[in-house]
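Sequence and predicted structure, then a few things I'm wondering about:
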Amino acid sequence: MDVKSLYIILFVVLMVQALALYQTWRVNREEVGIRDWSSAAALLCLAMIMATLIYNPDRPYPTDPATVLFISLANAASATGYLLIWVGVRKFFRQPAPGYVGLVGWYVLCYVLSNLELILPVPEYWRLKLMPLIVIIILAMTFWEFFRSGRYVNPTIKLILAVLSVMLLSISGRWIALLAGYQLQEGFSLAMSVAFSYASIMSSVILTPAIILMTNERINRRLKDMALKDPLTGALNRRAFFESADAMIADLKRHNGCLAVCLIDIDHFKRINDIHGHAVGDRVLSQFADIARNVIRETDVFARYGGEEFVVLMPGSSAVQAAGTMDRLKQQCGRPGLFPGNAGISFSAGVVEADDSGQYSSMDKLLESADRVLYQAKHEGRNRVVLNASPA
């Protein structure tokens with residue numbers, strides 16, 4: 001198949017990609033990044049149709065001013081399209097990214113660099129050497145953003161990384177061939193253009209459904225979080241807590257080990273709401289949850305048990321160890337400035353421990369015992385941690 005036909009096919013593929021991604025963004029407007037990917041596909045589509053219009057195998061490197069200016073427009077559109085892919089990835093992973101003013105400035109810069117040979121004595125084949133290098137750098141940056149997201153073990157991310165690798169190899173091979181002096185030799189330029197076109201078509205066909213699948217995975221995770229997490233504090237809700245708790249009790253019965261349960265109640269919370277209002281009360285709950293997540297381990301289960309009560313399950317910890325964690329949490333929460341009046345947040349906590357001896361047959365019994373110990377902490381004056389390593 002001749003190069004011009006491949007360019008037309010790639011144009012159609014990119015147009016479908018732009019429309020598919022735009023429609024995906026329309027129904028998922030809260031998913032940032034998708035609109036940028038759609039805009040990127042549209043710009044690459046524009047660049048491809050412009051490349052199709054000026055492609056001439058008998059004159060691979062035109063130098064007349066009118067054609068160079070037209071080529072510069074296509075090159076700038078292509079470079080900006082690739083940069084938009086990177087911008088979309090940054091936004092998708094909640095990272096800072098350039099705005100549209102910066103993108104316009106980037107387009108102008110690429111346009112000027114592309115036709116620089118018209119006004120300055122630049123190296124031979126400047127345009128052919130510069131633009132692929134820009135694209136290589138941007139694709140490498142995009143690859144790195146996906147890789148460093150920490151989600152590269154995800155099959156969809158692995159597929160996207162593989163596609164980006166193919167694109168990088170294709171463009172890098174073309175650029176290296178140019179540097180070696182082969183690009184403009186008879187027959188070699190055609191072969192490289194065909195190889196690049198096939199690689200681009202394959203990458204575009206795979207990349208669009210992969211991006212949509214990645215978006216759907218995020219939406220499903222968010223829906224799951226909405227079903228399992230308390231919207232104010234981000235802690236697990238009661239349903240998710242008991243699901244995790246049942247699994248931990250079952251594991252405790254199968255293996256030798258221990259499990260600590262910490263029941264926490266923020267002191268004088270009703271007074272906080274009455275004096276400062278419910279908005280401040282909500283802020284106190286949210287701040288407490290943030291501090292607690294930074295103190296406890298990743299393997300611990302943290303949940304909002306109800307109102308101003310929270311519960312922490314600490315597998316592999318004794319009551320003494322769990323009480324030590326609660327003391328550290330109490331110190332962090334007691335720092336001034338977290339609460340109106342330059343006060344900290346105080347709480348009472350009851351800590352109990354279960355082991356494989358069968359003293360506690362269910363989480364309900366553990367919580368009943370923890371509640372009794374918590375009541376003891378309140379009775380003794382609040383703002384303290386009380387533990388009981390054996391059932392009452």
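Received, thanks. Numbers count the residues shown, from 1 in each chain.

burial measure for Arg148, as a count.
The tally of other residues near Arg148 (other Cβ atoms under 10 Å) stands at 11. C-beta: built from backbone N, CA, C; applies to glycine.

likewise Leu232?
Neighbours around Leu232, by other Cβ under 10 Å: 12.

dump the residue contacts of Ile176.
If a contact means Cβ atoms under 8 Å, 6 or more residues apart in numbering, then Ile176 has no contacts.

just Ala210 next, same as before
Counted by Cβ under 8 Å, 6+ apart, Ala210 has contacts 156, 159-160, 163.

How about Gly307?
Neighbouring residues of Gly307 by Cβ under 8 Å, 6+ apart: Phe269.

Could you rerun that using 10 Å?
With contact set as Cβ atoms under 10 Å, 6 or more residues apart in numbering, Gly307 has these partners: 265-266, 269-270, 285.

Quick check: of those residues, which lies closest to Val312?
Asp265 (12.5 Å; Cβ to Cβ).

if I read this right, the closest one contacts Glu309, doesn't it?
Yes - with contact defined as Cβ atoms under 10 Å, Asp265 reaches Glu309; the gap is 5.1 Å.

which of the two has more neighbours?
Asp265 (21 against 16).

What strand or helix carries that one?
Element membership for Asp265 (DSSP states H and E) is strand 258-266.

Which strands border that strand, and is each parallel or antiparallel?
In the sheet, strand 258-266 lines up against strand 309-315 (antiparallel), strand 347-355 (antiparallel) (DSSP bridges).

could you dump those strands to TSV with mean pLDDT?
Shown next, in TSV, are the strands paired with strand 258-266 (pLDDT from 0 to 100):
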stretch	mean pLDDT
strand 309-315	92
strand 347-355	88
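
Quick one: closest of the ones you listed to Phe147.
The nearest among these, by Cβ to Cβ, is strand 309-315 at 31.9 Å.

starting at the chain centroid, how far to that closest one?
Relative to its parent chain, strand 309-315 has a centroid offset of 28 Å by Cα atoms, centre = their mean, to the nearest Å.

and if you look at stretch 18-35?
With Cα atoms, centre = their mean, you get 16 Å for stretch 18-35.

got the buried residues for that stretch?
Residues of stretch 18-35 classed as buried by neighbour count (16 or more other Cβ atoms under 10 Å): 18, 20-22, 24-25, 28, 31-35.

about what we covered before: highest neighbour count among the contacts of Ala210?
Neighbour max across the contacts of Ala210 (other Cβ under 10 Å) = Ile160, 24 neighbours.
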